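Enquirer: Sharing a sequence plus its predicted fold:
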Amino acid sequence: MSKEFELPYRDSSLRAAIPRRNLSFVLDVEDEKGAESETQCIIDSLRCPIERPPLRDAVSQDGKVVVIVTDNTRPCPDDRLLPPILAELEQKVARHNITIIVALGLHPPLSREDLARLLGKKIVERYIVINHDPAQTTYLGTTSRGTPVDINTKVVEAGFRISTGFIEPHFFAGFSGGRKSIAPGVFSLRSAYKNHSYEMIEDPHSRAGVLKGNPIHEDMVEQAKMARLNFIVNVLLNKKREITHVVAGDPIKAHERGCEIEREIAGVRVNHKVDITIATNSGAPLDLDLYQTVKGIDNASLITRDGGILIIVSSCSTGVGPEAFRELHASVNSPKEVLQKIKREEPIGVQWQNQILARAQLRNDIYLLSDLDDGVVEDMMITPIHTVEEGLGKAFGVLGSEAEIAVIPEGPLVLPLLEE
């Protein structure tokens, strides 16, 4: 007897049959009900924010405002967030004094068509919308951990800075949202290399769900303060990508409140590790490439015993991601050599993602069901598969027919809390 699962894949799903006798547990979040009126929920948060005056009272009439929005690698509903935010701002600020900046971090710039899909055609037509360029930054000083704070010059020159965001567990920053609109959203390459350094990534507190003592998070907070981020509007979403909660106001306090709520929703307790974990990267847009899929891989590895196997379902429909990501793994012969090369040669490529992938690969073999060519998958020291059932057959061949299985249908949107 098997149990059928619908696993998110691109904008749809794949069906997989898992033998019931092997199925130990399913890690899934309680699906929260969406807000009755998302727009009203957003407006209420802007007018009664956390430890900040109402947004329209916080901005000055003749000042320049920057609105920092999320890029297309996150499901942040900026097309729904921006209209009420801009309407509030325009009660005080002239439209030509408002600039929308897409917080790309080090991701490639978005085309005009991409921006229209992300933000809505009317927004792109009526407002100044620009991509962050990590080469166009202004140096503001150095954090207590030695990170050079280079922030987008338009952000630095603005009189008021507001950012949107989506709060979910994040595999090394604890949670997404909040300060991440600044760092890495609008910082430079050299800022990234220090904040995402081998030492910072390897710290045991740099993990999903952890804020206290997390050096990456605390360094990002310092950068956001130095960049004078004034106000945030962050949301939590359910499986249908409906807004369930909005937290707005003080960039630190509002974000912390959102993280508390998300921990209660996403946190799922498990009492032991399993032999095989089947996980996704939660479908589009999170499964657009292998670079992003490392989040789902890392999450699955948390509940898989050493020597166990991860079966990852992620379309990777746009490819591997940064070519430097593929090149680093392809240049050596083992996950251990990946880590040695990073330690020896850093800064190099997008080393943080290679580091986290290699760390998982030291503990677990990874099988990937994707749209990628098999050879490309093998370059990353991953075994390509073409169905979940094929992956299970291979895994049972290695671990035995009695191997215990866990399933994480929503991949990185779940926060596994291991009790052992």
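Expert: Sure, I can see it. Everything numeric in this text was worked out from a predicted model, so none of it was measured. Numbers count the residues shown, from 1 in each chain.
Enquirer: contacts and neighbour counts: CA atoms only from here.
Expert: Noted.
Enquirer: what helices or strands is the helix or strand containing residue 255 leaning on?
Expert: Here residue 255 sits within helix 253-266, counting by DSSP states H and E. Packing partners of helix 253-266 (3 or more Cα pairs under 8 Å, 6 or more residues apart in numbering; DSSP states H and E): strand 169-170, strand 231-237, strand 243-249.
Enquirer: could you dump it to CSV, C-alpha only?
Expert: Extracted C-alpha coordinates of helix 253-266, given in CSV (Å, rounded to 0.1, in the frame of the first residue of the first chain):
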residue,chain,number,x,y,z
LYS,A,253,10.8,45.0,16.5
ALA,A,254,8.3,44.4,13.6
HIS,A,255,10.5,41.8,12.1
GLU,A,256,11.0,40.0,15.4
ARG,A,257,7.3,39.9,15.9
GLY,A,258,6.8,38.4,12.5
CYS,A,259,9.5,35.8,13.2
GLU,A,260,7.7,34.8,16.4
ILE,A,261,4.5,34.2,14.6
GLU,A,262,6.3,32.3,11.8
ARG,A,263,8.1,30.0,14.3
GLU,A,264,4.7,29.0,15.8
ILE,A,265,3.3,28.3,12.3
ALA,A,266,6.3,26.7,10.5
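Enquirer: and residue 299, how many residues sit next to it?
Expert: 27 (other Cα atoms under 10 Å).
Enquirer: who's in contact with the nearest residue to residue 119 once chain neighbours are set aside?
Expert: Using Cα to Cα, 6 or more residues apart in numbering and skipping the chain neighbours, the partner closest in space to residue 119 is residue 79 (4.3 Å). Contacts for residue 79 (Cα atoms under 8 Å, 6 or more residues apart in numbering) come out as 118-120.
Enquirer: ok so residue 79 is a helix residue?
Expert: Yes - membership of residue 79 in a helix is supported by DSSP: H, G, I helix; E, B strand; the rest coil.
Enquirer: how much space between it and residue 21?
Expert: Between residue 79 and residue 21 the distance is 45 Å, computed by Cα to Cα, to the nearest Å.
Enquirer: Could you do residue 15 as well?
Expert: From residue 15 over to residue 21 (counting by Cα to Cα), the distance is 18 Å.
Enquirer: Then residue 41?
Expert: 45 Å.
Enquirer: So the two - more neighbours on which side?
Expert: Taking other Cα under 10 Å, residue 41 and residue 21 do not tie; residue 41 has more neighbours (17 against 14).
Enquirer: which residues does that one contact?
Expert: Residue 41 touches 35, 245-246, counting by Cα under 8 Å, 6+ apart.
Enquirer: top of those residues by neighbour count?
Expert: residue 246 (25 neighbours).
Enquirer: beta partners for that residue?
Expert: residue 235 (DSSP bridges).
Enquirer: From residue 19, how far off is it?
Expert: 40 Å.
Enquirer: Find the helix or strand that residue 416 is a member of.
Expert: strand 415-418.
Enquirer: mind listing what's buried in that strand?
Expert: Using 16 or more other Cα atoms under 10 Å as the test for burial, strand 415-418 gives 415-417.
Enquirer: Then stretch 376-392?
Expert: Neighbour-count burial for stretch 376-392 [16+ other Cα under 10 Å]: 377, 379-385, 387-388, 391-392.
Enquirer: Could you do stretch 205-214 as well?
Expert: Buried, per 16+ other Cα under 10 Å, within stretch 205-214: 205-211, 214.
Enquirer: Which one of the residues you listed is nearest to residue 71?
Expert: Distance to residue 71 across the buried residues of stretch 205-214 (Cα to Cα) is lowest for residue 208, with 20.8 Å.
Enquirer: Need the phi and psi values for the closest one.
Expert: phi -60, psi 140 (degrees, to the nearest 10).
Enquirer: Distance of it relative to residue 176?
Expert: From residue 208 to residue 176 the distance is 9 Å (Cα to Cα).
Enquirer: go on, residue 300?
Expert: 18 Å.
Enquirer: Send me the lengthiest strand in the chain as CSV with only the CA atoms.
Expert: Of all the elements of type strand in the chain, the one with the most residues (DSSP state E) is strand 304-313. C-alpha atoms of strand 304-313 as CSV (Å, rounded to 0.1, in the frame of the first residue of the first chain):
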residue,chain,number,x,y,z
THR,A,304,18.2,12.8,7.9
ARG,A,305,20.7,10.5,9.7
ASP,A,306,24.3,10.6,8.7
GLY,A,307,24.7,8.2,5.7
GLY,A,308,21.0,8.7,4.8
ILE,A,309,19.7,9.9,1.4
LEU,A,310,17.9,13.0,0.4
ILE,A,311,15.4,12.9,-2.6
ILE,A,312,14.8,16.4,-3.7
VAL,A,313,12.0,17.5,-6.1
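Enquirer: and it, what does it pack onto?
Expert: strand 274-280, helix 290-301, helix 351-363, strand 365-369, helix 388-399.
Enquirer: got CSV for the ones you listed, with mean pLDDT and distance to residue 85 too?
Expert: Listed next are the helices and strands packed on strand 304-313 as CSV, based on pLDDT from 0 to 100; distance: least, Cα to Cα, whole Å:
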stretch, mean pLDDT, distance to residue 85
strand 274-280, 98, 33
helix 290-301, 96, 29
helix 351-363, 98, 34
strand 365-369, 98, 40
helix 388-399, 98, 43
